[in-house]
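Engineer: 3D model of this:
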Amino acid sequence: MAGLNKSLKAGTVVFKAGDNADGMYLVRKGELVVYLDQGGKEVVLAKIPEGGMVGEMALFDRMPRSASVKASADAEITLISVDDFGKLMKQIPKWFVGLMSALSGRLRTTNDRLKTLETAGKAPSPASPSGPAGSKPFQTVLRQIHIMELVWHRDGSKEGKDWMVQRKVIETELIDVFGEDPTKLGQLIELLVKEGVFALKTDSYKNPTLSLANRGSLRQFATFLKSFATANPTTTEVPDALMNVLRIIIKLASKAPYEQFTVTTEEIMTEAKATNPADEWKAQVALFTSFGECIKPVKTSTKTGIGLRVIKADLGTLVKNLNVINKLSELKLSK
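Structural biologist: Just a heads-up that it's a prediction; the model follows:
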């Protein structure tokens with residue numbers, strides 16, 4: 001495909017946010033950076049190395065630029081104009097063009113959602129109060145995870161079986177754009193890595209990256225945490241009694257012949273007397289309503305009329321999520 005070659009000095013702006021799109025740029029030599037201007041401060045969103053490309057969304061949706069790009073060092077680039085690309089598209093099946101347009105639209109939506117958060121959902125500065133009186137627990141963590149998820153969809157790439165995004169990109173977005181506390185953000189990332197919500201790896205350029213085997217796993221954890229916080233607005237840690245009940249359920253699950261089974265109150269209380277007679281089982285029933293489909297209170301024909309329907313395969317994830325909640329509380333990240 002023919003293209004227009006350009007040589008750039010370090011600092012030369014290729015295009016700015018809001019400019020009309022003229023095409024896509026290929027980096028032949030040097031490096032470009034993608035950035036946003038936040039109150040006169042440049043926030044770097046991504047670095048485009050030799051062999052990379054930038055501005056490709058505009059080839060499909062023809063929308064104005066969503067961010068600015070400039071050369072971080074002397075560079076050589078090639079412009080593939082909208083017209084040139086249009087000629088090439090005539091040789092490509094319509095279904096593929098439609099697919100790329102849909103993906104471009106989703107990426108544009110992700111950028112728009114991030115911009116909305118940047119203007120309306122910034123965290124309080126370190127010198128300001130942590131939040132309004134009566135706010136639900138874990139709101140800061142939920143906001144941070146939500147932003148991480150958006151950045152993963154916007155800037156993440158697949159390497160092998162994993163979805164990866166540079167740790168620096170995540171930290172830049174959360175700290176420089178949203179004003180999050182660097183220390184607490186670092187604690188959160190390390191905790192989520194330790195508990196296996198995502199992994200810490202390096203990409204092909206030796207950059208530290210955060211990796212997800214499944215991009216949906218981050219949203220699943222956030223959904224669980226939000227459900228727990230909503231159902232238990234005054235609870236920032238899981239009671240020991242409930243964790244003891246879970247251990248009993250896991251023990252009973254190892255003996256159950258089916259993937260789904262129901263454990264009765266009587267079974268739990270019988271086992272509890274043998275392990276810890278101080279457990280107050282009935283006081284924990286309400287908390288189980290926020291655990292999704294993994295464990296749900298159900299009616300039984302027994303004397304108490306109460307039991308729990310359990311999905312064995314999900315127990316491990318449930319226990320992991322509850323352990324993360326307790327660790328968040330220990331680290332004072334539950335506000």
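Engineer: hang on, isn't Ser68 packed against Val13?
Structural biologist: Yes - here Ser68 reaches Val13: they are 6.7 Å apart, a contact under CB atoms under 8 Å. (Each C-beta comes from the backbone N, C-alpha and C, glycine too.)
Engineer: from Ser211, how far off is Thr172?
Structural biologist: Distance of Thr172 to Ser211, given as CB to CB, to the nearest Å: 18 Å.
Engineer: typo on my end, Met164
Structural biologist: For Met164 relative to Ser211 (CB to CB), the value is 5 Å.
Engineer: low-confidence regions, the protein specifically.
Structural biologist: Applying pLDDT under 70 to the chain flags residues 1-3, 58-61, 85-135, 177, 274-286.
Engineer: domain map for it?
Structural biologist: Here the domain parsing of the chain from automatic domain parsing is 4-89, 134-231, 240-314.
Engineer: minimum distance to Lys332: which of those domains has it?
Structural biologist: The closest of those to Lys332 is domain 134-231. By CB to CB, the value is 8.3 Å.
Engineer: on that earlier part again, so for Lys327, which of the domains of the chain sits nearest?
Structural biologist: Of the domains of the chain, nearest to Lys327 by CB to CB is domain 134-231, at 5.4 Å.
Engineer: residues near the residue nearest to Ile306 when sequence neighbours are not counted, how many?
Structural biologist: Nearest residue to Ile306, sequence neighbours excluded (CB to CB, 6 or more residues apart in numbering): Thr265, at 4.8 Å. Neighbours of Thr265 under the rule other CB atoms under 10 Å: 19.
Engineer: distance of Thr265 relative to Lys41?
Structural biologist: Plainly put, Thr265 is 59 Å away from Lys41 if you go by CB to CB.
Engineer: equivalent analysis for Phe224, please.
Structural biologist: For Phe224, the distance to Lys41 equals 35 Å [CB to CB].
Engineer: the two: which has the busier surroundings?
Structural biologist: Just comparing Phe224 and Lys41: by other CB under 10 Å the higher neighbour count belongs to Phe224, 21 against 10.
Engineer: excluding residues flanking it in the chain, which one is nearest that one?
Structural biologist: Excluding its sequence neighbours, the residue lying closest to Phe224 (CB to CB, 6+ apart) is Asn321, at 5.1 Å.
Engineer: same thing with Gly52?
Structural biologist: Ranked by CB to CB, 6+ apart and with sequence neighbours excluded, the top spatial neighbour of Gly52 is Val27, at 5.0 Å.
Engineer: could the C-alpha coordinates of the host helix or strand of that neighbour be exported in CSV?
Structural biologist: Assigned by DSSP states H and E, Val27 falls within strand 23-29. Extracted C-alpha coordinates of strand 23-29, given in CSV (Å, rounded to 0.1, in the frame of the first residue of the first chain):
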residue,chain,number,x,y,z
GLY,A,23,-5.5,8.4,8.3
MET,A,24,-3.3,6.0,10.2
TYR,A,25,0.4,6.3,10.9
LEU,A,26,3.0,3.5,10.8
VAL,A,27,6.2,4.1,12.9
ARG,A,28,9.2,3.1,10.7
LYS,A,29,11.9,4.5,13.1
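Engineer: mind listing what's buried along it?
Structural biologist: Along strand 23-29, these residues count as buried under the neighbour rule (16 or more other CB atoms under 10 Å): 23-27.
Engineer: residues in contact with it?
Structural biologist: By CB atoms under 8 Å, 6 or more residues apart in numbering, the residues outside strand 23-29 that reach it are 3, 5, 14, 32, 48-56, 58-59, 69, 74-82, 84-85.
Engineer: rerun that using 10 Å as the cut-off
Structural biologist: By CB atoms under 10 Å, 6 or more residues apart in numbering, the residues outside strand 23-29 that reach it are 1, 3-8, 14-15, 32, 48-60, 69, 71, 73-86.
Engineer: contacting residues around the closest residue to Leu8 other than its chain neighbours?
Structural biologist: The shortest distance from Leu8 to any residue other than its chain neighbours is 4.1 Å, reached at Ala71 (CB to CB, 6+ apart). Taking CB under 10 Å, 6+ apart, we find Ala71 in contact with 6-14, 27, 30-33, 48, 77.
Engineer: can you pick the most crowded of those residues?
Structural biologist: Counting by other CB under 10 Å, top hit in the contacts of Ala71: Leu32 with 26 neighbours.
Engineer: sorry, back to before: closest to Gly179 among the contacts of Ala71?
Structural biologist: For the contacts of Ala71, the residue nearest Gly179 by CB to CB is Val33; the value is 21.2 Å.
Engineer: between Thr172 and Ser211, which one's more packed in?
Structural biologist: Neighbour totals were compared for Thr172 and Ser211, and Ser211 leads with 21 against 17 (other CB under 10 Å).
Engineer: tell me which element the more buried one is part of?
Structural biologist: Using DSSP H and E, Ser211 falls in strand 208-212.
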